[in-house]
Structure formats: structure tokens, C-alpha cells
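S.K.: Return a 3D structure for these sequence lines:
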Amino acid sequence: MPFVHNVGCISKNTAIWKGRFGKKYDLAFVYGYDNNLVLYALRVSNKTIAFKQRNNKINNRLYKSVEFPTSKDMHFVDVFMALPQAIEIHVDNKRLSLSLTKDE
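M.R.: A predicted model of the protein is given here:
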């Protein structure tokens, strides 16, 4: 996708080791609740936005923490856009862009 600059693979098992050296990113969105993934994002980005974690020490380090939307009537895209919207990134539609690999 032309608007994506860099894509990498991170799992909860490799996140603990990744990001110790190398480049920094301006921004990271974390959609999960795994401490290692959030800590990885905090190591490699200037600003990390995530759903509110169970660990307040981690929440205090986040640029922005967002309560997970709980409405059952909420569209899937709106749930995932809660993080970008927390920093004033808004959308005007619910279209998705995706690209599959050969294996997928």
C-alpha cells in the first residue's frame, strides 16, 4: 500500500528482544494488552497510543491511553479508529485497505 512506509512482524515472544537498537518511529498504535508489545512500542516510538492497559506504570508512559469502546452497536472500524481519533486523526468513511501476502 503506497501510504504505508514500513511494515514489520512482531509477536509477543519476539517483542521483548526487538527494538533495543535501531531506528525510532514517530508514532505507534498498540491494539492489544500484552505488556511486551506495549513496552516494545514505547522503546521504538516517540509517541505510543494504546488502549488502557492493566498496568498503571505502563499507562503513565503512554502518550495517550484510550478506554476500549464497549458499545455492542459500534462498527468494527470505529473500534479500531478509537486510537487514531484520540490524537485527532479522523476518517470520513469506513472503507478498509488491506494487502495479503502469498501465504495469506
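
S.K.: From now on I want contacts and neighbour counts done on CA atoms only, so please keep to that.
M.R.: Noted.

S.K.: got the residue ranges for the helices in the protein?
M.R.: Secondary structure of the chain (DSSP state H): helices at 35-44, 56-61, 76-86.

S.K.: Identify each buried residue in the first one, please.
M.R.: It stands for helix 35-44. 35, 36, 37, 38, 39, 40, 41, 42, 43, 44 (16 or more other Cα atoms under 10 Å).

S.K.: Return the member of those nearest to residue 79.
M.R.: The shortest gap between residue 79 and any of the buried residues of helix 35-44 belongs to residue 38, at 18.4 Å (Cα to Cα).

S.K.: Name the nearest residue to that closest one, sequence neighbours excluded.
M.R.: residue 30 (6.4 Å; Cα to Cα, 6 or more residues apart in numbering).

S.K.: my guess is residue 62 meets residue 49, correct?
M.R.: Yes. Using Cα atoms under 8 Å, residue 62 is in contact with residue 49, at 6.1 Å.

S.K.: These two: which is more packed in?
M.R.: Neighbours per residue, other Cα atoms under 10 Å: of residue 62 and residue 49, the larger number sits with residue 49, 25 against 22.

S.K.: partners of that one in the sheet?
M.R.: Per DSSP bridges, the residues bridged to residue 49 are residue 29, residue 64.

S.K.: ok, it to residue 100 distance?
M.R.: 25 Å (Cα to Cα, to the nearest Å).
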